[in-house]
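**Student:** no letters, just coordinates:
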């Protein structure tokens, strides 16, 4: 049964990543995961009652993800995100390095409050259009690549907030980790990963970033925001505040996110009519993929794959000493995320951490370490995340071919450094908590 589970997992991932056409049917991410989940159910690797319980547990995190996607789409539709990118152009004042820095850090800040899939989906075409607008005839693809990679990397950073990545939302929900609790532990590791990623890209592209860029004659950021864009900014601010106040209000982040999305949909309907076009643009294929791949991961767990991962973590921990548990968890999670995609890895790591059966604090620290690896790991190989695959697809549709070798050559050293430093910060925070408790 273990071999069968691995075959189904590999088949699912190959179909999802290659998206082949079989007998006239084109496999997409969602259909591939649906097939994999169906095979797990039909073979008995996942009992039907266990599958139903898993779907119930996924309900709240999926509502959060869909709601954030809707808010992102409406922010883009209203012109808010375009206004923001045009503001970045003005703030850069013609300096290529300043523009690169602003795109990276503004993107990282925005990425904290949007799921990375949505951020990549919206910001990749926006930055592509921006670069086409400010570049001159002397710019080649080599000069433009640093800015495209800046967008990619801000979509694959350690999530400062639980809403920064779909896998954070799902895994956090399984372990009942609140928004504020997550932020308190993960903000500074995320900052560490942001700095490593920025300086890593800056060093990698030091000879490619142009000295100057052309300032457009007309800049949208110099005009007032439209009413719908202001409404989006206000609702997004209130929604984020609701996330932080979850501990006081007791209102789940799924409810807060859904309320924000519904308010903006109502405003959009009042101004523009039916909301069907917005709903249709939600990445439903991604949602179906998430559901299916977690059932596939459950089948792999029932077949013993998570036990094997757990043993590997224990062996690495034994070599590194007692304090190596978090490093081992993050590195294994990162490696698996780069090889088999971070969504199934997140599903597997849920049960790996549960099987360790540690006290709550240690369990949560393992969760954070696993998410550091899961958030950052996809930057090592192109197949690591849906966000990276969408980035490639969006650029390819615009005639931009990015070398896989360039992706790997930059991604592996930057990612490993970011994982190690982020976990080191997490470990330091754990030490501080231990000192305060013992003091």
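**Tutor:** Looks like it came in fine. Source: prediction; values computed, not measured.
**Student:** surely residue 174 is in contact with residue 57?
**Tutor:** Yes: shown here, residue 174 and residue 57 form a contact pair, counting by C-beta atoms under 8 Å, at 6.4 Å. For the C-beta atoms, the positions are set from N, CA and C on the backbone; glycine is no exception.
**Student:** pick out whichever of these two has more residues nearby.
**Tutor:** Neighbour count, other C-beta atoms under 10 Å: between residue 174 and residue 57, residue 174 has more, with 20 against 15.
**Student:** the more buried one: what's it in contact with?
**Tutor:** Neighbouring residues of residue 174 by C-beta atoms under 8 Å, 6 or more residues apart in numbering: 57, 350.
**Student:** how near is it to residue 185?
**Tutor:** Shown here: residue 174 relative to residue 185, a distance of 16 Å by C-beta to C-beta, to the nearest Å.
**Student:** one more: residue 198?
**Tutor:** Residue 198 sits 22 Å away from residue 185, going by C-beta to C-beta.
**Student:** also residue 231?
**Tutor:** From residue 231 to residue 185 the distance is 33 Å (C-beta to C-beta).
**Student:** now do residue 337
**Tutor:** The value you get for residue 337 to residue 185, if C-beta to C-beta is used, is 20 Å.
**Student:** neighbour count winner among these two?
**Tutor:** Neighbours per residue, other C-beta under 10 Å: of residue 337 and residue 185, the larger number sits with residue 337, 31 against 21.
**Student:** what sits against the closest residue to the more buried one other than its chain neighbours?
**Tutor:** In this structure, residue 337 finds its nearest non-sequential neighbour in residue 377, 3.2 Å apart by C-beta to C-beta, 6 or more residues apart in numbering. Counting by C-beta under 8 Å, 6+ apart, residue 377 touches 333-338, 342, 345, 384, 415, 419.
**Student:** again, 6 Å this time
**Tutor:** Shown in contact with residue 377 (C-beta atoms under 6 Å, 6 or more residues apart in numbering): 334, 337-338, 384.
**Student:** doesn't it belong to a helix?
**Tutor:** Yes: under DSSP: H, G, I helix; E, B strand; the rest coil, residue 377 falls within a helix.
**Student:** return the residues in contact with residue 350.
**Tutor:** Residue 350 sits next to 171, 174 when contact means C-beta under 6 Å, 6+ apart.
**Student:** need the contact list for residue 17.
**Tutor:** residue 383.
**Student:** let me know the pLDDT of it.
**Tutor:** Looking at residue 17, its pLDDT is 72.
**Student:** separation between it and residue 339?
**Tutor:** From residue 17 to residue 339 the distance is 11 Å (C-beta to C-beta).
**Student:** cool, and residue 49?
**Tutor:** From residue 49 to residue 339 the distance is 31 Å (C-beta to C-beta).
**Student:** neighbour count winner among those two?
**Tutor:** Per other C-beta under 10 Å, whichever of residue 49 and residue 339 has more neighbours is residue 339, with 14 against 8.
**Student:** so what does the helix or strand hosting the more buried one touch, helix or strand wise?
**Tutor:** When elements are assigned from DSSP states H and E, residue 339 belongs to helix 325-340. Other helices and strands packing on helix 325-340, by 3 or more C-beta pairs under 6 Å, 6 or more residues apart in numbering; DSSP states H and E, are helix 305-320, helix 342-356, helix 360-376, helix 404-438.
**Student:** the same query, at a cut-off of 10 Å, please.
**Tutor:** For helix 325-340, the packing partners by 3 or more C-beta pairs under 10 Å, 6 or more residues apart in numbering; DSSP states H and E come out as helix 2-18, helix 284-302, helix 305-320, helix 342-356, helix 360-376, helix 404-438.
**Student:** and the fourth one, how far from the chain's centre?
**Tutor:** This points to helix 342-356. Mean-position distance between helix 342-356 and its chain equals 16 Å (C-alpha atoms, centre = their mean, to the nearest Å).
**Student:** can you check the second one too?
**Tutor:** Its chain's C-alpha centre and that of helix 284-302 lie 16 Å apart, by C-alpha atoms, centre = their mean.
**Student:** now that helix against helix 305-320, angle please.
**Tutor:** Counting by axes from the mean of the first three to the mean of the last three C-alpha atoms, to 10 degrees, helix 284-302 points 70 degrees away from the direction of helix 305-320.
**Student:** cool, the fifth one as well?
**Tutor:** Using the same axes, to 10 degrees, one finds that helix 360-376 and helix 305-320 are set 100 degrees apart in direction.
**Student:** do the same with the longest one
**Tutor:** Taking the same axes, to 10 degrees, helix 404-438 and helix 305-320 form an angle of 70 degrees between their directions.
**Student:** leaving out sequence neighbours, find the closest residue to residue 45.
**Tutor:** Setting aside the residues directly before and after it, residue 45 is nearest to residue 299 in space (C-beta to C-beta, 6+ apart), at 3.7 Å.
**Student:** centre of the chain to the helix holding residue 339, how far?
**Tutor:** Counting by C-alpha atoms, centre = their mean, helix 325-340 comes out at 16 Å from the chain centroid.
**Student:** low pLDDT regions in the chain?
**Tutor:** 1-2, 114-118, 217-223, 435-439 (pLDDT under 70).
**Student:** how about residue 92, what does it touch?
**Tutor:** Residues near residue 92 by C-beta atoms under 10 Å, 6 or more residues apart in numbering: 98-103, 134, 212-213, 215.
**Student:** contact partners for residue 345?
**Tutor:** Residue 345 makes contacts with 167, 293, 297, 309, 332-339, 352, 370, 373-374, 377-378, 384-385, as judged by C-beta under 10 Å, 6+ apart.
**Student:** sorry, slip of the keys, the one I care about is residue 426.
**Tutor:** Taking C-beta under 10 Å, 6+ apart as the criterion, residue 426 is in contact with 158, 185-186, 188-189, 192, 326-327, 330, 365, 368-369, 372.
**Student:** any idea how far residue 372 is from it?
**Tutor:** 7 Å.
**Student:** shared neighbours of the two, anything?
**Tutor:** Listed as contacting both residue 426 and residue 372 by C-beta under 10 Å, 6+ apart are 158, 186, 189, 192, 326-327, 330.
**Student:** hang on, the earlier thing: I'd like to know which of the contacts of residue 345 are buried.
**Tutor:** When these are checked for burial by 16 or more other C-beta atoms under 10 Å, the buried set is 167, 293, 297, 309, 332-338, 352, 370, 373-374, 377-378, 384-385.
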